[in-house]
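In: Predicted model and sequence follow; I will ask about them next.
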Amino acid sequence: MAACLALVGCPPTEQTHRATFFAFGTLVELTVRSANPEHARQAEAYVAAELDRLHDALTPYTDDSPLSITNRRLVAGESHAPEPVLLALVELSLPHYRSSGGLFNPALGGLVRLWGFHEEGGGALPSAEHLQPYIEKPPSMEQLVLNEAVISSTNPALQLDFGGIAKGYALKVLVDNLAHMGFKHLILNAGGDLRALGRHGTRPWCVGIRHPRKPGETLASLQIRNDESVFTSGDYERYFMYEGRRYHHILDPRSAYPAVDAISVTVVHSDAILADAAATALFIAGPREWRHVAAAMGVTEVLLMDAEGQLHTTEAMHLRMHRGVCEAEFNAPAAEGNG
Ligand code: AMP
Ligand code: MG
């Protein structure tokens, strides 16, 4: 390649641009490679606006959010046309609800709220009386009646909560649009859950999977191939301690209690939404059932740490983890949850 002489006029060189935001209860970091700082600023402005829009639509923690309004109508047994983004999420969730055998279940919004993990001070053990409706007639996505753009529910205990898939949806939509805007090399990282496109200059992006019990340590580092998402569900993100036990935010629909068999699960897939839903479902499935559920959901790259601290991996993930260690630029920063 001919040397570039400054007097002749060099093509602008690609630089790394970073910006941080706060959404879904966590720090979101955008890293883009671009030779044009103005173009990078456009990406930042777009991401800031979209994160705000999605966060406002999907939060169940303000009374007048679109999701809260929809949930009130569902509980009242009324038919209702939700915001398009909510309808999209219902439709996108259904196949993952079914393929996970109901372990990934966005119909558990009332139960999530009852446990109160997102509250100041971190929640409390619900009474048996309050848990009763979720055990007697467990809310299911099949109880949601969809009639074109109108939904209703046959179970008054059914409320929607997209916490298990919202980041996957956001990363899918935002990164797709950034790609349309012309960005080829970027990472959008929402508290350790991320989607990466392209490369970091001449080398692949390198992502660290954090150790769920040893802050600052990684379980593995992965070299990203072209367009991949890396999602982790863990018991350390939102939890409270009661009588020496950890009660965390990933609920097993079969017991109405936090799932007990895993500490963290990481899934890598080209589809951010599937990676997010699968990480949540496989966390609940735990070491005995995860292989079966992973196969049913169509994910092949999984790393699970069980409650005893033992690691379980798929063959594809095992090969990847031992294929060449890289210097992780993203050691999955401490996630503060995804409310
Ligand atoms: P994640 O970190 O992606 O595993 O999502 C956890 C969040 O999903 C929780 O904070 C709840 O908002 C919600 N959630 C809890 N249990 C479930 C479940 N069984 N299925 C779907 N979403 C859930
Ligand atoms: Mg998830």
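Out: Perfect, thanks for sending it. Ligands and ions are numbered 1, 2, ... in the order given.
In: For ligand 2, what's its nearest residue on the stretch 1-150 of the chain.
Out: F104 (7.6 Å; Cβ to the ion). Every residue, glycine included, has its C-beta placed from N, CA and C.
In: Could you find the closest non-adjacent residue to that residue?
Out: Sequence neighbours aside, A281 is the residue nearest to F104 in space, at 4.0 Å (criterion: Cβ to Cβ, 6 or more residues apart in numbering).
In: Return the set of buried residues in whichever strand or helix holds that neighbour.
Out: Using DSSP states H and E, A281 sits in helix 272-297. Within helix 272-297, the residues that qualify as buried are 272-287, 290, 293-294, 296-297, counting by 16 or more other Cβ atoms under 10 Å.
In: go on, stretch 108-124?
Out: 108-118, 122-123.
In: Out of the residues you listed, list just those in strands.
Out: Per DSSP state E, strands hold no members of those.
In: any chance of those residues in JSON lines, with pLDDT and distance to A220 too?
Out: Output for the buried residues of stretch 108-124, formatted as JSON lines (pLDDT from 0 to 100; distance: Cβ to Cβ, whole Å):
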{"residue": "L108", "pLDDT": "98", "distance to A220": "30"}
{"residue": "G109", "pLDDT": "97", "distance to A220": "33"}
{"residue": "G110", "pLDDT": "96", "distance to A220": "37"}
{"residue": "L111", "pLDDT": "96", "distance to A220": "33"}
{"residue": "V112", "pLDDT": "94", "distance to A220": "30"}
{"residue": "R113", "pLDDT": "93", "distance to A220": "35"}
{"residue": "L114", "pLDDT": "93", "distance to A220": "35"}
{"residue": "W115", "pLDDT": "93", "distance to A220": "31"}
{"residue": "G116", "pLDDT": "88", "distance to A220": "33"}
{"residue": "F117", "pLDDT": "82", "distance to A220": "27"}
{"residue": "H118", "pLDDT": "78", "distance to A220": "30"}
{"residue": "G122", "pLDDT": "67", "distance to A220": "29"}
{"residue": "G123", "pLDDT": "74", "distance to A220": "31"}
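In: ok, back up a step: how much space separates the residue nearest to F104 from ligand 2?
Out: 8 Å (Cβ to the ion, to the nearest Å).
In: Same question for R323.
Out: Where ligand 2 is concerned, R323 sits at a distance of 25 Å (Cβ to the ion).
In: What ranges does the protein have for its helices?
Out: For the chain, the helices defined by DSSP state H cover 37-58, 66-75, 84-99, 109-115, 128-136, 166-180, 272-297, 315-321.
In: Summarise which helices and strands the fifth one is packed against.
Out: In this structure, helix 128-136 makes packing contacts with helix 109-115, judged by 3 or more Cβ pairs under 8 Å, 6 or more residues apart in numbering; DSSP states H and E.
In: Quickly check: the helix it packs on near ligand 1 or not.
Out: Yes. Against ligand 1, helix 109-115 shows contacts by Cβ under 6 Å from any ligand atom at V112.
In: Please list the outside residues in contact with that helix.
Out: For helix 109-115, contacts defined as Cβ atoms under 8 Å, 6 or more residues apart in numbering pick out 60, 71, 75, 118, 123, 126, 130-131, 133-134, 139, 157-161, 163, 247, 249, 251, 256, 258.
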